[in-house]
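**Q** Got a predicted structure here, sequence first:
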Amino acid sequence: MPSDPVFWHRLQFAFTVVYHYLFPQLTMGLALLIVVMKSLALLRRDPGWDDAARFWIRIFGLNFAVGVVTGVPMEFQFGTNWAGFSRFAGRVVGDTLAMEGLFAFFLESSFLALLVRGERRLGRVGHYLAAWALFAGSWLSGYFIVATNSFMQHPVGHELAPDGALRLADFWGFLLNPWALGAYAHNMTASVVTASFVMAAVGAAYALQGRHGGPRAASCGWEAGPAWPPACSWRSPPGTTRRSSSPATSRWRWRPWRADSRAGPWRASRSSASPT
């Protein structure tokens, strides 16, 4: 059993960070996909996309709440586990941590409340703009945290104060750390991929059960999720079946879905008509 307290501090902090990150990783990806769904609903005037957005906004809200609860202990551990680091570099990394809490977090939480409860009062356009504000708050929050971590990997924009601690010398140099830009691109791509696969998986489960209006109302992970671009080329739209008269000719024909006990929970009805 290791007796070094640094080992146990690292182990505790690693557990807290990893467990916490399971939740914001999904919320940041969902924020973009919710904007995609609201955009499709507004442009196509299709209530199906509004239904899908409402469903995932509630999932976002639950995930956001759990993420907040798991993130609070991590903030305290900067002082309990890493008090020496906080005293030495707190005047630098404290800026981005404060910006994450004061600007991005409150922007995200405020507009999440409007998305969940204020659709009738805001109207379609107002609700759509609230989705954009939620997306902005979520992704700004992610950037401020990534910038904080990037300073620990590649410290820039600081200088040594007379008392021996670090202080901020170049705010924009610190905020636009080249390490942060690359890490942020990697992090947010992974977030969108995660949300897309979760969306596709939940949508598939609902479609198989015939719940929540079928595939589209439960999920847009296949159509809107960047994690699976090839799916758009072969996935049959909800309520359709694919039929081709020759290898070179294939068309989509709309047919209602029906229950078929011989072929699983759901099976598309086939049409004997030739493509037109």
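**A** In hand now; what should we look at?

**Q** show me what contacts residue 108?
**A** 64, 134, 137-138, 141 (CB atoms under 8 Å, 6 or more residues apart in numbering). C-beta: built from backbone N, CA, C; applies to glycine.

**Q** go again using 10 Å as the cut-off
**A** With contact set as CB atoms under 10 Å, 6 or more residues apart in numbering, residue 108 has these partners: 27-28, 31, 60, 64, 133-141.

**Q** Quick check: mean pLDDT of whichever helix or strand residue 179 is part of?
**A** Taking DSSP states H and E as the criterion, residue 179 maps to helix 178-209. When pLDDT is averaged over helix 178-209, the result is 89.

**Q** Ranking helices and strands of this protein by mean pLDDT, which lands last?
**A** The weakest-scoring helix or strand in the chain, judged by mean pLDDT, DSSP states H and E, is helix 231-234 (a mean of 32).

**Q** quick revisit: can you list the contacts of residue 108 in JSON lines and add secondary structure, pLDDT and neighbour count?
**A** JSON lines is the format used below for the contacts of residue 108 (DSSP: H, G, I helix; E, B strand; the rest coil; pLDDT from 0 to 100; neighbours: other CB atoms under 10 Å):
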{"residue": "27", "secondary structure": "helix", "pLDDT": "92", "neighbour count": "26"}
{"residue": "28", "secondary structure": "helix", "pLDDT": "92", "neighbour count": "24"}
{"residue": "31", "secondary structure": "helix", "pLDDT": "93", "neighbour count": "28"}
{"residue": "60", "secondary structure": "helix", "pLDDT": "92", "neighbour count": "26"}
{"residue": "64", "secondary structure": "helix", "pLDDT": "90", "neighbour count": "22"}
{"residue": "133", "secondary structure": "helix", "pLDDT": "91", "neighbour count": "17"}
{"residue": "134", "secondary structure": "helix", "pLDDT": "91", "neighbour count": "28"}
{"residue": "135", "secondary structure": "helix", "pLDDT": "93", "neighbour count": "21"}
{"residue": "136", "secondary structure": "helix", "pLDDT": "91", "neighbour count": "17"}
{"residue": "137", "secondary structure": "helix", "pLDDT": "89", "neighbour count": "22"}
{"residue": "138", "secondary structure": "helix", "pLDDT": "90", "neighbour count": "27"}
{"residue": "139", "secondary structure": "helix", "pLDDT": "93", "neighbour count": "17"}
{"residue": "140", "secondary structure": "helix", "pLDDT": "91", "neighbour count": "17"}
{"residue": "141", "secondary structure": "helix", "pLDDT": "89", "neighbour count": "23"}
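
**Q** Residue 88 touches residue 155, doesn't it?
**A** No: using CB atoms under 10 Å, residue 88 is not in contact with residue 155; the gap is 11.2 Å.

**Q** hey, what's in contact with both of these two?
**A** With CB under 10 Å, 6+ apart, residue 88 and residue 155 have common neighbours residue 166.

**Q** ranges for the helices of this structure?
**A** Taking DSSP state H as the test, the helices found in the chain are 5-44, 47-80, 83-99, 106-117, 119-153, 171-175, 178-209, 215-218, 221-224, 231-234.
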